[in-house]
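> Return a 3D structure for these sequence lines:
(chains A and B)
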Amino acid sequence: MKTNDLINLLAKDARVRIRFGRIFLIALAIGVVISAALLLSTLGLRRNMADMIETPRVLFKLGFTLLLAVTATRLAFRIGKPGVSLQSAALMLVLPLAFLIVGIVTELFVVPQTAWASSMEGRFPAFCLFFVPTLSIAPLAAILYSVRQGAPENPGTAGAVAGLAAGGIAAAIYAWHCPDDSPLFLATWYSIGILVATAAGFLLGRKILRW
Amino acid sequence: MKHSAREEEWAAWMRAAIAGDIKAYDRFLKAVTPYLRSIARRRCDQFGAPSSEVEDVVQEVLLAVHLKRGTWDNSRPIGPWLSTIVRNKLIDSLRRRGRHVSVPIEDVMETLEADHHEDGADRVDVDRMLEGLGDPQREIVRSISLGGAGIRETAERLQMTEGAVRVALHRALKGLAALYRSNTRENE
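Numbering: from 1, shown residues only, chains lettered A, B, ... in the order given. Next comes the predicted model:
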């Protein structure tokens, strides 16, 4: 085929039916709704959430997971757009990390040393380990699908960021059920679940985010 | 033409194209191609690759620009977007042809030289690649690219609606890009 023939062909397909930003938002919304519905239909909300939501530890848990979900999703959105600087969006990931460290240090001061281990272990670590990765499946599929419509420079990195965002979203959803409130629990079991999602995103991304 | 004027003109054409203006898009693609060719030719010369490979690379880059044009935020300048896509696709395309790029690839907007010389057809056996597309995609591609027919004409000839022809054309272009990727991978 001559290049001019190809140009003829491309020109006839000029119109863009749906822009990248819109694809991303719609897919993300679907992923979040599926994941939230999954939590509500299996475990349900925490029974005493109305009372507990005003305690500092629960507020911290909801705040940290939401902050991670928002900052990582923002980076995942930008990573699919060529020529857009990623530096500031990547730096924003320091915010949830710093927030978590502040939470851990505060907890270590407030809780006597003898209770550190039991705070970390919590009551239902296995639930957390199972549900954070499980709840991240729908958001991960949605974000990977959207980033695939974009043009990420490095497929593995883009996949990992998608996984981190999906893990953050899953954590922010699971936090509405989870009865373990210590930042030490959060830093251990939630982190493992989020890392599983990130690794899955990395491996999938390397395969499917080439363009 | 000055770099900024060129960039603004390209952006205006691309904006119109995204809204469905076939003529503006044709102008955009025809204006960008000589610059892409000049960059691709310099790279192929550097590696001692046959010049027939230049057109393959140019076509692959054009397909990438086309399929990813929805990621351009049309309130931003088009230069950084275009240059990033072109650079990434060039590196990818040359790497699959077994040539590792070690020197940074020049920016499309900074490239002053335009190469209007076309070396006839590309090297990849397009007829074989078109076999990889199913019907009616293959017929539509043949009718529009080789026969120079429009969407309406093609729709009438194949007794399809114009909408169905448009959808099939878009799928065919996606398929063509995928075939390019797997075709050069086989040759590794």
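
> Now do the strands in the chain.
Defaulting to chain A. For chain A, no strands are identified by DSSP state E.

> which of the residues in the helix or strand of it with the lowest mean pLDDT are buried?
Using mean pLDDT, DSSP states H and E, helix A:49-52 stands out as the lowest-scoring helix or strand of chain A, at a mean of 85. For helix A:49-52, a neighbour-count test (16 or more other Cβ atoms under 10 Å in any protein chain shown) marks nothing as buried. Every C-beta, even on glycine, is put in place using the N, C-alpha and C of the backbone.

> And for it, what's in contact with it?
Here helix A:49-52 makes contact (Cβ atoms under 8 Å, 6 or more residues apart in numbering or on different chains) with A:Arg46, A:Val58, A:Trp176, A:Asp181.

> run the last query once more with 10 Å
Applying Cβ atoms under 10 Å, 6 or more residues apart in numbering or on different chains, the contact partners of helix A:49-52 are A:Arg46, A:Val58, A:Leu59, A:Lys61, A:Leu62, A:Trp176, A:His177, A:Pro179, A:Asp181.

> Tell me how many other residues crowd the last one.
By other Cβ atoms under 10 Å in any protein chain shown, 21 other residues sit near A:Asp181.

> Next: the second one.
Applying the criterion other Cβ under 10 Å, we find 20 residues in the vicinity of A:Val58.

> and it, how far is that from A:Leu86?
33 Å (Cβ to Cβ, to the nearest Å).

> Name the nearest residue to the residue nearest the centre of chain A, ignoring sequence neighbours.
By Cα atoms, centre = their mean, chain A has its centre lying nearest to A:Ala165, at 2.4 Å. Leaving aside its chain neighbours, A:Ala165 sits nearest to A:Ala72 (3.8 Å; criterion: Cβ to Cβ, 6 or more residues apart in numbering or on different chains).

> Quick check: the gap between that neighbour and A:Leu195.
13 Å.

> and the two? which has more neighbours close in?
It is A:Ala72, of A:Ala72 and A:Leu195, that has more neighbours when counted by other Cβ under 10 Å, with 27 against 15.

> my guess is that one contacts A:Ala89, does it?
Yes - A:Ala72 lies in contact with A:Ala89 (Cβ atoms under 10 Å); the separation is 9.3 Å.

> Overlap of the contact sets of the two?
A:Val161.

> From what I see, B:Arg76 and B:Glu7 are in contact.
No - at 11.0 Å, B:Arg76 does not count as touching B:Glu7 under the criterion of Cβ under 10 Å.

> Give the burial count for B:Lys174, as a bare number.
B:Lys174 has 15 nearby residues by other Cβ under 10 Å.

> What are the buried residues along the helix or strand hosting it?
Applying DSSP states H and E as the criterion places B:Lys174 in helix B:162-186. Neighbour counts over helix B:162-186 (16+ other Cβ under 10 Å) mark B:165-166, B:168-170, B:172-173, B:175-177, B:179-181, B:183-184 as buried.

> for the chain, what are the low-confidence residue spans?
Using chain A. Chain A contains no residues with pLDDT under 70.

> I was thinking of chain B, sorry if that wasn't clear
B:1-2, B:119-127, B:184-188.

> How about the backbone phi and psi for the residue of it most remote from its centre?
Going by Cα atoms, centre = their mean, the residue of chain B most distant from its centre is B:Gln159, 28.4 Å out. Phi and psi for B:Gln159, reported as degrees, to the nearest 10, are phi 50, psi 50.

> ok, now which ones touch it?
With Cβ under 10 Å, 6+ apart, B:Gln159 has these contacts: B:Pro136.

> go on, B:Met160?
Neighbours of B:Met160 in contact, by Cβ under 10 Å, 6+ apart: B:Pro136, B:Glu139, B:Ile140, B:Thr154, B:Arg166, B:Val167, B:Ala168.
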